[in-house]
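Chemist: Give me a model of this one.
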Amino acid sequence: MNLKNIIAGIVVIFYLGLLGYLYLGIGQGTTYPAKPISIIVHSKPGSAIDYMARKVAEIARKYSEVAFVVENRSGTQGLVAMQHVLDMKADGYTLLGVTKSFLSTVMVNKSKVSLDDFQFIANMVLDPEALISNKERKFTSLSDIIQDANRSEITQVWIGPGTGRRDHLMALKSWETLGIDAKWIDYKSGPQSILALLRDESAVYVGNPADIKGKTDLEIISIASDKRLVSLPDIPTFKEQGYDLNESMWRGFAFKKGVPEEAVEYVTKVLQDVVSDDEWEDYCNETYVFSNFENHEEFTRRIVQETAETNHYLNKAGLLVLYVKDSPIPILLVLLIIVVGIFLLLFAFNRFSIRKFNYDLIIAGGIISLSLFFYYQTILFQIPETVNITSPALIPRIWIFTLLLLSVILIVKSKNEGTVHANYSPKTVLIIIAFLLVYLVAMQWIGYFFTTPVFILSIMYILKYRKFSLMTINAFGFVLFSYFVFNKLLHIDLPLGWWFI
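Modeler: Reported below is the predicted structural model:
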């Protein structure tokens, strides 16, 4: 037997073994847990939720048969992390670190991701909201803030990171509770807000107690909790000053719905053991938070209640709006008009000769059509005046203009060089593009590991490559190589397909 055929056979056997491992659980054991459990965190290393997740993973080593491993997947205020968890199998090996900020994220961004897609396993801590000021203001109580707001000729300024996020909603609740009018300025991030407060650019910064660590020029006026923090015994609560306001950032964990009950019970037990550990108490005192374990039922009730409250205040702030206007023309008709118009212009550019069309012109025309179509959609974006954010059209338009420029260069170059008859006709290029589009769609449904070898084999066949042993080695070997690099080395899970998760 030919050596290439033997290698091809071995590669196929390994490939089939990989499919069995991924989709049938062969070699993974039958008892949960059989491998490390990933904790997906929506922010960068060093954030509050990241630090909490890493502390949980560290303490859990004492109580778990397998390791808990933290992975950071930042983007879109948590939607990237949430979608990643939903794309994974509901097998109990992918845990999402959740915070109260997710309530606002899902509502404001109007994403297809829903909180109903998750099973909330346990809440771990309550991080009370705090009103912080610069010591130069000489505020010692909530009454001082109220007096300053009422006597000031200029509207009192409150600051914090983000519009529509938890600190902003805390500001709205505080104004309502204290009976004052103030103005919110979004400084985009916590560090920028703190710097502004240190420069005394505002009366109040809304954040959490840990934000004052190492900053002797700042002081906490009040925290929104039922009791004082053990590590900050001199800081009074709202209730102690006569105002009924309780607002905390909770942080906990959730699975994608459908996870086996044995996985839920196992992880819940480990988390209960973690919060009973002395190291956990030290962590809570160090970070100025309350340890507050809540099981699935308690945690779910909290989320339902606070979702309704969040919806109320987001509506009050005018943030629950449609961010995309309806197109006055059916969107598919717009695409058809653009495509026909562009290719008529290219036809005229070639002096109405179909013979002078080559695949460079077809590709350029297709890219220009899609670019203009996407540009039309960015025109439909609308941002409320109350939201101080960069237009979401900015980045797409940068890419659009870049693609338009490159396409024009390609058209001019093909014109200057004359009609070049390539080895592959424009029809071949269009078929490959069609296969690529089908592959990208099918991969979401069927998964990377099934569609990729089929796509590679199909393209090689279209390009008239007929050495089947090498085709097999390349197609299935590439999948094995991808799994090793992405899943094992980079810890990036390739999609298994919606049909199988």
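Chemist: the strands in the stretch 351-500 of the chain, which residues?
Modeler: With DSSP state E, counting those that start in this stretch, there are no strands along the stretch 351-500 of the chain.
Chemist: center of this protein, which residue is that?
Modeler: The residue lying closest to the centre of the chain (C-alpha atoms, centre = their mean) is residue 80, at 2.0 Å.
Chemist: these two touch, right, that residue and residue 41?
Modeler: No: the criterion here is C-beta atoms under 8 Å, and residue 80 misses it with residue 41 at 10.8 Å. C-beta: built from backbone N, CA, C; applies to glycine.
Chemist: What mean pLDDT does the host helix or strand of the residue nearest to the centre of the chain get?
Modeler: Element membership for residue 80 (DSSP states H and E) is helix 79-87. For helix 79-87, mean pLDDT rounds to 90.
Chemist: partners of the helix or strand following it, with directions?
Modeler: Beyond helix 79-87 in the direction of the C-terminus, DSSP H and E gives the next helix or strand as strand 94-99. Strand 94-99 sits in its sheet next to strand 37-41 (parallel), strand 248-256 (antiparallel), going by DSSP bridges.
Chemist: Switch these over to JSON lines; also include distance to residue 193.
Modeler: Output for those, formatted as JSON lines (distance: least, C-beta to C-beta, whole Å):
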{"stretch": "strand 37-41", "distance to residue 193": "22"}
{"stretch": "strand 248-256", "distance to residue 193": "15"}
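Chemist: out of these, nearest to residue 444?
Modeler: Closest to residue 444 of the strands paired with strand 94-99, according to C-beta to C-beta: strand 248-256, at 16.3 Å.
Chemist: Show me how far stretch 167-176 is from its chain's centre.
Modeler: Shown here is stretch 167-176, whose average C-alpha point lies 25 Å from the average C-alpha point of the whole chain (C-alpha atoms, centre = their mean, to the nearest Å).
Chemist: which residues make contact with that stretch from outside it?
Modeler: For stretch 167-176, contacts defined as C-beta atoms under 8 Å, 6 or more residues apart in numbering pick out 104, 129, 131, 158, 160-162, 181-182, 184, 186, 204, 206-207, 224, 245, 247, 310, 313-314, 316-317.
Chemist: got any residues that touch both of residue 80 and residue 41?
Modeler: The contact sets of residue 80 and residue 41 overlap at residue 73 (C-beta under 8 Å, 6+ apart).
Chemist: neighbours of residue 189, just the number please.
Modeler: Using other C-beta atoms under 10 Å, residue 189 has 12 other residues around it.
Chemist: Check the gap between it and residue 159 for me.
Modeler: Applying C-beta to C-beta, to the nearest Å, the value for residue 189 to residue 159 is 11 Å.
Chemist: how much space between the closest residue in space to residue 254 that isn't next to it in sequence and residue 87?
Modeler: Once flanking residues are discounted, residue 254 sits nearest to residue 118: 4.2 Å by C-beta to C-beta, 6 or more residues apart in numbering. Going from residue 118 to residue 87 by C-beta to C-beta gives 13 Å.
Chemist: what's the answer for residue 361, then?
Modeler: The gap separating residue 361 from residue 87 is 38 Å, by C-beta to C-beta.
Chemist: One more: residue 459?
Modeler: Residue 459 is 25 Å from residue 87, by C-beta to C-beta.
Chemist: Same check on residue 349?
Modeler: Distance from residue 349 to residue 87, counting by C-beta to C-beta: 43 Å.
Chemist: likewise residue 207?
Modeler: From residue 207 to residue 87 the distance is 33 Å (C-beta to C-beta).
Chemist: Nearest residue to residue 69 in space, please, no chain neighbours.
Modeler: Nearest residue to residue 69, sequence neighbours excluded (C-beta to C-beta, 6+ apart): residue 36, at 5.0 Å.
Chemist: List the residues that contact that neighbour.
Modeler: 66-69, 93.
Chemist: of all these, which two lie farthest apart?
Modeler: Spanning the widest gap among those are 67 and 93, at 11.4 Å by C-beta to C-beta.
Chemist: Spell out which residues are contacts of both of those two.
Modeler: By C-beta under 8 Å, 6+ apart, the residues touching both residue 67 and residue 93 are 36-37.
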